[in-house]
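> Starting from these lines, generate the structure:
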Amino acid sequence: MSRTDAIARAAGYVDSGAFRTELSRRVALRTESQDPASLPELHRYLTDEIGPSLDRIGAQWRVVENPLPGGGPFLVGHRDEDPARPTVLVYGHGDVVLGQPERWRDGLSPWTVTVEGERWYGRGTADNKGQHTLNLAALEQVLAARGGRLGFNLKVLVETGEEAGSAGLREMAAAHADELAADVLIASDGPRLAADRPTVFLGSRGAVGFTLGLDLREGTYHSGNWGGLLRNPGTVLANAIASLVDERGVIRVPELRAPAMPEPVRRALADISPGGGPDDPAIDDGWGEPGLSPAERLLGANALEVLAFTTGTPDAPVNAIPATARAHCQLRFVVGTPAQDLPRIVREHLDAHGFGMVEVDVDFAMAATRVDPDHPWVRWSVASIATTTGAPPAVLPNLGGSLPNDVFTDVIGVPTVWVPHSYPACAQHGPDEHLLAPIAREGAQIMAGLFWDLGEAGPDGPPA
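Predicted coordinates for the structure are as follows:
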């Protein structure tokens, strides 16, 4: 058989209903990693769903328990054909965010795949069960098309805690780094740039969540009797935030702004236009880092966001000066930002601006990563996708969101190529999450083309 045959088999997997059947079964498993009671379901997903998929392609696999207490398990698999051939690492996550069935539209359930036109609704259809199901199926179709050999070595890692911060993934990867070593990671998560444009991204912006808090007194006091005499924590905290980021969304702390953009990144982003889809919000002109295009602001710069701000009782305000205020903030940042020093940087900045009473607590942190857009594996992947689809994909040096990509680039030491099969308006993490059938079909074809081409690559992979 040929490359064309492999791609046709992958499309047939979607067209025949086999993909919907497999995805429906997987969506029905309530693998909510944010709920500690879901641990048995997380195990079941690996042993009853992913394991049999690997059995079908002749891969050996086992479940590895999380090194951290309460963390979800991992599945590690491999199919070894020839040590002289390239090795690809394929990753996915079987867990989902909380289903929240009460928030879904009438007629929809997070645990049932419901088809309405091109939209396939269900929790995990887009993030990430649908995506890694397509990739594993593409491997199976290529194996059949090549007469029982892939032409490369395969390693598979599926985690069940990504939606809970990938707890234990770094520790597990460090302990099994030799077993997971590969020439390249090819995986799927996150959205495309747009529904109609295949996309490759090479890393992700990092994220640090932090809380600013102010506790001024034990109780509240009547605003008529004490207004003008007592410091208002809401007012103080609002001004503290304004000292960090201005009214146009520009970060005011030099150390938290993005470093100079590398020329290969700037070149890659010249062809990128975020938004514009029918369900996308209008981009605000003049918001964020000045002098940059929308793509550069989203993918090449940093953003400091206020996610929630509370003081007093917002749902039932009373005539009283509140005692406390809280703001949950987040810094999205690119490679080169000293985000690990954020507690010190913010603390020193607030102190210097007279806000020493505001407390700073870091809630979580995820590192930023970025593979060079000129890397040989990137050029090879882009060429393969262009051959399959007839047009070059969008190449994003990094995703605007965050993934545990640093585990692969820094711990395992492998370049990363992400090929998403979702789109920005998929309602990921919210009610009515869905996958678009045309993207699923094209995604299966793209992955079949990539895996076929990998089998045709030289012993050292693509030329430098």
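> Let me know the outermost residue of the chain.
residue 225 (50.6 Å; Cα atoms, centre = their mean).
> buried ones in the longest helix seen in the chain?
In the chain, with assignment by DSSP state H, the single longest helix is helix 437-456. For helix 437-456, a neighbour-count test (16 or more other Cβ atoms under 10 Å) marks 437, 439-455 as buried. The way it works is simple: take the backbone N, C-alpha and C, and place the C-beta from them, glycine included.
> Against which helices or strands is it packed?
helix 3-15, strand 119-121, helix 129-145, strand 184-187, helix 376-389 (3 or more Cβ pairs under 8 Å, 6 or more residues apart in numbering; DSSP states H and E).
> Export only the CA atoms of that helix, formatted as PDB.
Extracted in PDB, the C-alpha atoms of helix 437-456 (Å, rounded to 0.1, in the frame of the first residue of the first chain):
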ATOM      1  CA  ALA A 437     -16.200  16.300  12.700                       C
ATOM      2  CA  PRO A 438     -14.400  17.900   9.700                       C
ATOM      3  CA  ILE A 439     -11.300  18.700  11.900                       C
ATOM      4  CA  ALA A 440     -11.400  15.100  13.300                       C
ATOM      5  CA  ARG A 441     -11.400  13.600   9.800                       C
ATOM      6  CA  GLU A 442      -8.600  15.900   8.600                       C
ATOM      7  CA  GLY A 443      -6.700  15.300  11.800                       C
ATOM      8  CA  ALA A 444      -6.800  11.600  11.300                       C
ATOM      9  CA  GLN A 445      -5.500  12.100   7.800                       C
ATOM     10  CA  ILE A 446      -2.700  14.500   8.900                       C
ATOM     11  CA  MET A 447      -1.500  12.100  11.500                       C
ATOM     12  CA  ALA A 448      -1.500   9.100   9.200                       C
ATOM     13  CA  GLY A 449       0.600  11.200   6.800                       C
ATOM     14  CA  LEU A 450       3.000  12.100   9.500                       C
ATOM     15  CA  PHE A 451       3.400   8.500  10.700                       C
ATOM     16  CA  TRP A 452       3.800   7.200   7.200                       C
ATOM     17  CA  ASP A 453       6.500   9.800   6.400                       C
ATOM     18  CA  LEU A 454       8.200   8.900   9.700                       C
ATOM     19  CA  GLY A 455       8.500   5.400   8.500                       C
ATOM     20  CA  GLU A 456      10.100   6.700   5.300                       C
END
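> Quick one: work out the angle between it and helix 129-145.
40 degrees (axes from the mean of the first three to the mean of the last three Cα atoms, to 10 degrees).
> tilt between helix 437-456 and helix 3-15?
150 degrees.
> contacting residues around residue 415?
Residue 415 is in contact with 184, 185, 202, 371, 375, 377, 378, 409, counting by Cβ atoms under 8 Å, 6 or more residues apart in numbering.
> before we move on, the earlier item: is it true that the residue farthest from the centre of the chain lies in a helix?
Yes - according to DSSP: H, G, I helix; E, B strand; the rest coil, residue 225 belongs to a helix.
> Next one: it from residue 319, what distance?
10 Å (Cβ to Cβ, to the nearest Å).
> Read off the pLDDT value for the residue nearest to residue 223 when sequence neighbours are not counted.
Using Cβ to Cβ, 6 or more residues apart in numbering and skipping the chain neighbours, the partner closest in space to residue 223 is residue 319 (5.0 Å). At residue 319, the model reports a pLDDT of 97.
> returning to that earlier point: out of the helices and strands packed on helix 437-456, which gets nearest to residue 294?
Taking Cβ to Cβ, helix 376-389 is the member of the helices and strands packed on helix 437-456 nearest to residue 294, at 22.0 Å.
> by contact count, what packs against the helix or strand that comes right after that closest one?
The first helix or strand that comes after helix 376-389 along the chain, using DSSP states H and E, is strand 394-396. Counting contacts by 3+ Cβ pairs under 8 Å, 6+ apart, strand 394-396 is packed against strand 199-201, helix 263-269.
> and the last one, what's its mean pLDDT?
Meaning helix 263-269. Averaging pLDDT along helix 263-269 gives 94.
> what about it, distance to the chain center?
21 Å (Cα atoms, centre = their mean, to the nearest Å).
> ditto for stretch 377-395
21 Å.
> Check stretch 26-36 too.
Worked out by Cα atoms, centre = their mean, stretch 26-36 lies 18 Å from the chain centre.
> tell me which residues in it are buried?
Along stretch 26-36, the positions that meet the burial threshold by neighbour count (16+ other Cβ under 10 Å) are 26, 27, 28, 29, 30, 31, 32, 33.
> which residues touch the last one?
Taking Cβ under 8 Å, 6+ apart, we find residue 33 in contact with 42, 72, 95, 96, 160, 161, 162, 163, 164.
> For the residue nearest to residue 108 when sequence neighbours are not counted, grab the count of nearby residues.
Counting by Cβ to Cβ, 6+ apart, residue 108 lies nearest to residue 121, which is 5.1 Å off, once chain neighbours are set aside. By other Cβ atoms under 10 Å, 24 other residues sit near residue 121.
> Specify the beta-bridge partners of residue 121.
Taking DSSP bridges as the rule, residue 121 bridges to residue 114, residue 434.
> quick revisit: identify the farthest-apart pair in the buried residues of stretch 26-36.
Maximum distance among the buried residues of stretch 26-36 (Cβ to Cβ): 16.3 Å, for 28 and 33.
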